[in-house]
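S.K.: could you work out the structure for the sequence below:
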Amino acid sequence: MTILGEAFAEFMQRYPAVELETVLSDDTLDLITNGFDIGFRAASRSFDSSYVGKPLTTFRYRICASPAYLQANGGIEHPEQLTKHNCFEYSYFRGRNTWPIGTDGGVDIDGTLKANSTLWILEAVKKGLGVGFLPDFVCDNALQDGEIVEVLDDFPRPELTLYALYPNRQFVPPRVIHCIEFMEQWFQKKVTSRL
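M.R.: Prediction:
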C-alpha cells in the first residue's frame with residue numbers, strides 16, 4: 001500500500017458516512033467532465049489549472065534498485081553511471097528519458113521498461129530488473145522493508161508537491177473541505193513523525 005492509500009484508509013475510518021469512489025490514473029483527467037469532487041496531483045513544477053490547487057505536502061524523488069540488482073550489476077556512485085544501467089522510464093514524466101539529478105541538466109537513461117504507472121515500475125525494481133526514479137510516496141514502504149535501496153541520495157533532484165484540486169466554484173461541498181483538511185493534518189503529522 002502506498003502512503004496515499006494509508007491516508008485514505010484513515011479518512012474512511014474517520015468519516016464512515018462519506019462514500020468514496022477512487023480512480024487511480026496518472027492521466028490528466030477533467031474533474032468536472034468526469035463528475036469528480038476532488039483530485040490529487042503530484043507535480044515538480046507549477047502547472048496551469050482551471051482548478052483551485054491546495055498544496056498538501058512535498059515529496060522527494062528517490063533512485064531505487066534492489067540489493068540483488070546492484071550485486072549483479074555493480075553499485076551506482078555517480079549519476080553518469082546510470083547510463084550503463086537498465087533504468088525504467090515513466091511515460092508521463094516531463095523529461096521522459098532524462099532524470100533530473102545533479103546540476104548539469106540531468107542524465108539521459110535507457111532501459112527495457114517504459115510504463116505509465118509508478119506502481120508497475122516499483123514492482124519491476126523490487127524484482128531486481130532495473131533502476132527506478134520514484135516518488136517516495138510510492139516507494140517508502142519498500143525502502144523501509146529492505147526490498148529496495150536508494151542510491152545517489154546525496155545528489156540534488158526536484159521535489160514533488162502534492163496538490164488537492166477541486167473546481168473553482170462558489171459553493172464547495174463540506175465533504176470536499178473535510179477531505180482537504182483531513183489530508184493537510186494527516187500529512188503534517190506524517191512529516192512531523194519523520195523528524
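
S.K.: can you pull the buried residues of the lengthiest helix in the chain?
M.R.: Scanning the chain for the longest helix, with DSSP state H as the assignment, gives helix 174-194. Neighbour-count burial for helix 174-194 flags 176, 179-180, 182-183, 186-187 (criterion: 16 or more other C-beta atoms under 10 Å). Backbone N, C-alpha and C define where each C-beta goes, glycine included.

S.K.: and that helix, how far from the chain's centre?
M.R.: A distance of 17 Å separates the centroid of the chain from that of helix 174-194, by C-alpha atoms, centre = their mean, to the nearest Å.

S.K.: next: stretch 132-142.
M.R.: Mean C-alpha position of stretch 132-142 versus that of the full chain (C-alpha atoms, centre = their mean) differs by 7 Å.

S.K.: can you tell me the SS state at the residue of the chain positioned farthest from its centre?
M.R.: Going by C-alpha atoms, centre = their mean, the residue of the chain most distant from its centre is Gln170, 30.6 Å out. Put simply, Gln170 is coil when judged by DSSP: H, G, I helix; E, B strand; the rest coil.

S.K.: could you check how far it is from Ile148?
M.R.: Per C-beta to C-beta, to the nearest Å, Gln170 is found 46 Å from Ile148.

S.K.: wait, what's in contact with the residue most central in space within the chain?
M.R.: In the chain, the centroid-proximal residue (C-alpha atoms, centre = their mean) is Pro135; its distance is 3.8 Å. Listed by C-beta atoms under 8 Å, 6 or more residues apart in numbering, the contact partners of Pro135 are 42, 59-62, 118, 160.

S.K.: longest single strand anywhere in the chain?
M.R.: Secondary structure of the chain per DSSP state E: the longest strand is strand 51-65.

S.K.: got the CA coordinates for that one in CSV?
M.R.: Extracted as CSV, the C-alpha positions of strand 51-65 are listed here (Å, rounded to 0.1, in the frame of the first residue of the first chain):
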residue,chain,number,x,y,z
TYR,A,51,-9.0,24.4,-10.6
VAL,A,52,-8.2,25.6,-7.1
GLY,A,53,-4.9,23.8,-6.1
LYS,A,54,-4.3,23.4,-2.4
PRO,A,55,-0.7,22.2,-1.6
LEU,A,56,-0.8,19.4,1.0
THR,A,57,2.8,18.2,1.3
THR,A,58,6.1,17.7,-0.5
PHE,A,59,7.8,14.5,-1.5
ARG,A,60,11.2,13.6,-2.8
TYR,A,61,12.2,11.5,-5.8
ARG,A,62,14.3,8.5,-4.9
ILE,A,63,16.5,6.5,-7.3
CYS,A,64,16.0,2.9,-6.3
ALA,A,65,17.2,-0.6,-7.1
